[in-house]
Structures are given as C-alpha cells and as structure tokens.
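> give me a 3D structure for the following:
(one chain, ligands or ions: 3)
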Amino acid sequence: MNLPSSPIASRRLHVITWGCQMNVYDSARMTDVLRPLGYAPADSAETADMVILNTCHIRDRAAEKVFSELGRLRVIKQARAEAGQDTILAVAGCVAQAEGREILSRAPYVDIVLGPQTYHRLPEMVARAARAGGAVIETDFPAEQKFDFLPDATGPQLPGGVTAFLTVQEGCDKFCSFCVVPYTRGAEASRPAASVLAEARLMVGQGVREITLLGQNVNAYHGDGPDGRTWGLAGLLHALAEIPGLARLRYTTSHPRDMDEALIEAHAALPALMPFLHLPVQSGSDRMLGAMNRGHDAAAYRSLVERLRAARPDLALSSDFIVGHPGETEADFEATLALVRDIGFAQAFSFKYSPRPGTPASGAPNAVPEPVKDERLQRLQALIREQQDAFNAASVGMTMPVLFTGHGRKPGQIGGRSPYLQAVHAAGSETLIGTEVMVTIEAMLTNSLTGTLLRERAFA
Ligand code: SAH
Ligand code: SF4
Ligand code: F3S
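Ligands and ions are numbered 1, 2, ... in the order given. Below you'll find the predicted structure:
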C-alpha cells in the first residue's frame, strides 16, 4: 500500500470515538499526533484518507460491534480504492488492546491496530504500514510514557470549545472482579504535575473555561511535583485553581478508596472545584462489594459521602451501579436500592452485569438469569430517575452560575451547564458563550432546565 497520494496538506483524518471520556481525549490527541503529517479532520469516513476507530471494551458485545463497524468501513475503503484513493484503516482503544490479533485475522483489511498506550508512535506506524504493505500491530505496554512523546495538545477537544478533558492519570491496579480496564489500560500511572499544568494553561489560552481532569482512578493521582515531591490530586487541583481564566474544575472517575482527607478538604477550600462528584459504588450490598473486590463496604461509602457533604454542603452526587453480578440475590439488590434511597443521587448510571472475557467474575458460578437482571435494572433506573427529577425540580427557582458553552435548543437561546452538571438553556446573546452568567432556573424539561439571565430579569 502507498501513503495517500493526495498532497500532504490535504490529507484527511476521520476518527470514530466510542467509550468513555478518556477515549474522547485520546481521539483528540491522536489527531494532534497526526497533524504534522498533514492530516486535517474529515467529516466522514467516505472523505478520509485515514480512519481511526477508537473502541471500548467495557460491556456487552463490544467486539461484535467493532467487527460490524469494520465491515461498513471495508466497503468504503473498497469504493475509494476503486476510485484510485488509498485509505489507512486503524483500530485503536480498548478492544484493540484486548483483541488485536483477533482483529487482524478476522479483518485483514485493517492496516494498524494500536492500544491506548502506544498512540504517540502513530506517525511511525503509518509510515511502516505504507512501506511494508502489511498490517502493523502495537499493543505492548511500552516502557516509556506516551505523554512524554506527544506534541502539545491543541486545546479543546471541540474547536472553540469552552470545556475540555485533560488526562492526568491512567490505568488501574484495582482489578474489580467484573472489569477489563486493568487489562486494556495497564497499570496505574500519573503524569508529572508540570506537564498537566502546562497543558491546562494552553487550553485556557485557547478559550477553555472548564477542565475535567480524567483518570480511570483519577483520585489515585500521584504525579511528580515541580517541587520534587509527589503530588496527590488535591495538590494538583490547588495549583490548577491558580490559573487565571480557568473558572471551573472537575475530576472523574474517582474510587471511594482513594478519596483522601486532602481531597475532601479541597471541596471546601476551592470555589472553582464544582460541587458535583461522580463516585461509583456499584452495589449497596457488602457481600457483593466483597465479591466485586471493591475494597470497601457500604458503610464506608456512606460515611465518605457524609464527610464530603460536610465539606461542601451543596455537593451533588452521581454514581455507577451494576445489577446482576454473579451471586447477587434479591436481598443484595435491595441493599443497593436502600443505599440509593439513603444517599440521594443527582444522577447515576446503571448497567446489567456483562461477563468480560478474562475477568475473574466471567467464570464465576451463580450467574443471574437475564430476565432477573432486566427486572432489577428497571427497578433501579426508576428509582434513579425519580431522584434525578427531584433534584432538577429542586433547582427551579434557584439562581446559579451557568457556564455557557454553545447555542441552545431554540434560536435565540444559548446553552450551558450548571455547577451540578445540569444542562441549562436561556434566551441570550451568543457573545456570552464562554462566560459564566447568573441564571434563575424557571422550568425543568426532560433532560434539561430553562432559565432567565439574571441581568435581563433586572431590566424586565
Ligand atoms: N474506574 C471506574 C469505572 C470505569 S468503568 C470505577 O472504578 O468506578 C465504568 C463503569 O462501567 C463502572 O463503574 C461499572 O459500573 C461499569 N462496568 C464495568 N465493567 C462492567 C461489566 N463487566 N458489566 C457491567 N458494567 C460494567
Ligand atoms: Fe475497573 Fe475497578 Fe479499576 Fe474502576 S477501579 S477501572 S471498575 S477495575
Ligand atoms: Fe471503554 Fe476503555 Fe474507557 S474499555 S470505558 S474505552 S477505558
């Protein structure tokens, strides 16, 4: 195969992103890595000289979904070839890491397979694929940290974006019984604080006002500090809060076990740290938490939430739940419902347990029948929906700062998010996009709120 024959400045790259926010960040960084080779974004696979499918392996038939998308991309690649245009097809992300060989044998038209830790080597892989004409696979965990080799991030993940993700920690050593992440992302590693701070400053210089720090266990962050000491996440947040122009900070995903005192205090001390925390608990049953290898019980989670709420009384919480993990009884499930009722979540994600190849739970006895999982999921989701609606309804009448990020649902409206991560729409000038404005919330729609800008009310 040849490198795309079009002139260097007009090569086009199309990235398809599935999975978590870290994949969104990774897709942006892969785009950064390929820009010096002349690749600019394409709107569709049909018009792209290179397509990257950035995959997720967390649940369900992840691999099947990948093969079906690859089938579609194969047709596009063939049609382009008939028109004399080459297409490089790359599969990246967590399915690539877990099932790289399988991908190459079942989809031999794929040119490059790369794991999440090797994408700094993409330019070299592209050159090798072009030279050798055979497939290139890079799914080892390299000794070097990719962040030391990446070019500067070009800023927000969306052009003109007001909010952005920034990966500070990656990988996981916790090995929950059900989870593939430790196998696909590798061992826990943290970026040096100076490199995170430099990237944050760059983003702010390009108009970003809210940064969400990312990590599979972001609060396990332990990066080298510029003072020669190891910094925890709290130290990093304190330093980021000093950056002029950076209005808001968030971090995700946290593990209850890594929530230390300094981080709890940061919620009291830092106004820029938004009062919304995603803190997955998975189950409210101690028996299940043990089987899942979560390393804490339900009481520890409850008392952690109490301490967080003492530090930041308006803290809104979100969580992840799994129903139907092997061995889960009706009593275990009811303990989950009880925990949800007691804590009160502003929102939460809930999933049916899905056996992942190679994880300890996938071979466990006592699988929960599918209809039972379905029924539990429905009950849990109904309760979560009720709590979410109650939380949003309680916002009506409140006045709160909204960071406007773009156009609203209707003409003449702008849209943004509240401190509690609620979507808010209001009539207002688009010159306010990128700023935080006080808004009085007036009504609750299905998945968003509408309000009036306070200063417009003052003139009404
Ligand atoms: N690092 C995060 C979670 C990452 S995965 C944490 O420790 O909480 C995101 C969510 O997907 C998990 O919180 C879990 O609820 C869900 N999940 C992971 N593996 C799953 C599986 N095998 N089946 C169903 N849900 C799963
Ligand atoms: Fe997966 Fe558990 Fe690690 Fe979260 S802490 S990424 S659920 S193994
Ligand atoms: Fe999916 Fe990998 Fe993220 S499995 S959830 S893309 S870490």
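> please name the nearest non-neighbouring residue to whichever residue of the stretch 51-200 of the chain sits closest to ligand 1.
Closest residue of the stretch 51-200 of the chain to ligand 1, CB to the nearest ligand atom: Phe178 (4.0 Å). In this view, the C-beta of every residue, glycine as well, is placed from N, C-alpha and C. Distances taken as CB to CB, 6 or more residues apart in numbering place Ala361 nearest to Phe178, at 4.6 Å, with adjacent residues excluded.
> now the strands: where do they sit in the stretch 151-300 of the chain?
163-167, 169-170, 189-190, 210-214, 223-224, 230-231, 248-252, 276-278 (DSSP state E, counting those that start in this stretch).
> now check the fourth one, is it near ligand 2?
The reference is to strand 210-214. No - Strand 210-214 does not reach ligand 2 (CB under 6 Å from any ligand atom); its nearest approach is 12.2 Å.
> ok, that strand: who's next to it in the sheet?
strand 163-167 (parallel), strand 248-252 (parallel) (DSSP bridges).
> now what about it, what contacts it?
21-22, 25, 162-169, 196, 200, 203-204, 221, 233, 236-237, 240, 246-252, 274, 403, 417 (CB atoms under 8 Å, 6 or more residues apart in numbering).
> what's the answer for the last one, then?
Outside of strand 276-278, the residues within contact range by CB under 8 Å, 6+ apart are 250, 252-254, 267, 308, 315-320, 346, 419-421.
> out of the strands paired with strand 210-214, flag the one nearest Leu453.
strand 248-252 (18.3 Å; CB to CB).
> output that closest one as CSV, nothing but the C-alphas.
This file holds the C-alpha atoms of strand 248-252, laid out as CSV (Å, rounded to 0.1, in the frame of the first residue of the first chain):
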residue,chain,number,x,y,z
ARG,A,248,-14.2,25.6,36.8
LEU,A,249,-12.6,22.3,37.7
ARG,A,250,-14.0,18.8,37.8
TYR,A,251,-12.4,15.4,38.0
THR,A,252,-13.6,11.9,37.1
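> ligand 1 contacts on the stretch 101-250 of the chain?
The stretch 101-250 of the chain has residues Phe178, Cys179, Val181, Gln216, Asn217 near ligand 1, with proximity defined as CB under 6 Å from any ligand atom.
> the same query, at a cut-off of 5 Å, please.
Residues of the stretch 101-250 of the chain lying close to ligand 1 (CB under 5 Å from any ligand atom) are Phe178, Cys179, Gln216.
> not counting its neighbours along the chain, what's nearest the last one?
Spelled out, it's Gln216. Cys172 (4.5 Å).
> and the one you found, how many neighbours?
For Cys172, the count of nearby residues is 23 (other CB atoms under 10 Å).
> ok, it - contacts?
Applying CB under 8 Å, 6+ apart to Cys172 gives the contacts Cys179, Val181, Pro182, Arg185, Ala187, Glu188, Gln216, Asn217.
> now do the residue nearest to the third one when sequence neighbours are not counted against ligand 3, distance only.
Nearest residue to Pro182 in three dimensions, chain neighbours excluded: Cys172, at 4.7 Å (CB to CB, 6+ apart). According to CB to the nearest ligand atom, to the nearest Å, Cys172 and ligand 3 sit 9 Å apart.
> what's around Ile76, how many residues?
Counted with other CB under 10 Å, Ile76 comes out at 18.
> wait, Val126
By other CB under 10 Å, neighbour count at Val126 equals 23.
> list the contacts of it.
Leu3, Leu34, Leu37, Met50, Ile88, Ile112.
> closest point of the stretch 351-460 of the chain to ligand 3, which residue?
Counting by CB to the nearest ligand atom, the stretch 351-460 of the chain gets nearest ligand 3 through Arg356, at 9.0 Å.
> kindly confirm my reading that that residue is in a helix.
No - counting by DSSP: H, G, I helix; E, B strand; the rest coil, one finds Arg356 to be coil, located in no helix.
> could you find the closest non-adjacent residue to it?
Val180 (4.6 Å).
> separation between that neighbour and Cys94?
Look at Val180 and Cys94: by CB to CB, to the nearest Å, they are 7 Å apart.
> okay, and the common contacts of those two?
His57, Ile58.
> backbone dihedrals for the residue in the stretch 251-400 of the chain that ligand 2 sits nearest to, please?
Per CB to the nearest ligand atom, the residue of the stretch 251-400 of the chain with the smallest distance to ligand 2 is His255, at 5.2 Å. As for His255, its main-chain torsions (degrees, to the nearest 10) stand at phi -110, psi 130.
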